[in-house]
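**Student:** Show me how the following folds:
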Amino acid sequence: SCKVNRFRDLRRIRGLIRILERDTDDRSKRDYWVVCKLLEMGLGPAEITELVAGKSKFQSDEYTQLTIAKASRGLVGK
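**Tutor:** Numbering: from 1, shown residues only. A predicted model of the protein is given here:
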């Protein structure tokens, strides 16, 4: 059963990462939303950095770390 959940999580993670390739009027907002979802799933900053690298606006480490930090602060209030 644990294996099934992990597989479902991997599919969900891949689906979230694919969202970063879609057209949108506000890439920053979309990027933030995806990072929030990944954090909610229990992924850490290092894992998220690896997953999003080179996609959407995640071209620099600075943007990536800023987005993860902002999303982390946003989740604290939930």
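
**Student:** okay, CA-based contacts and neighbour counts for the rest of this
**Tutor:** OK.

**Student:** residue ranges with poor pLDDT in this protein?
**Tutor:** The chain contains residues with pLDDT under 70 at 1-4, 77-78.

**Student:** Pick out the residue nearest the middle of it.
**Tutor:** In the chain, the residue lying closest to the centroid (C-alpha atoms, centre = their mean) is residue 35, at 2.8 Å.

**Student:** I'd guessed that residue sits against residue 48; true?
**Tutor:** Yes. Applying C-alpha atoms under 8 Å as the test, residue 35 and residue 48 come out as touching, 7.2 Å apart.

**Student:** Report all helices and strands that whatever helix or strand residue 70 lives in contacts.
**Tutor:** Assessed by DSSP states H and E, residue 70 sits inside helix 61-76. Applying 3 or more C-alpha pairs under 8 Å, 6 or more residues apart in numbering; DSSP states H and E, one finds that helix 61-76 contacts helix 27-40, helix 45-52.

**Student:** picking that back up, could you pull up the residues touching the residue nearest to the centre of the chain?
**Tutor:** Residue 35 sits next to 48, 67-68, 71 when contact means C-alpha atoms under 8 Å, 6 or more residues apart in numbering.

**Student:** distance of it from residue 51?
**Tutor:** Separation of residue 35 from residue 51 (C-alpha to C-alpha, to the nearest Å): 10 Å.
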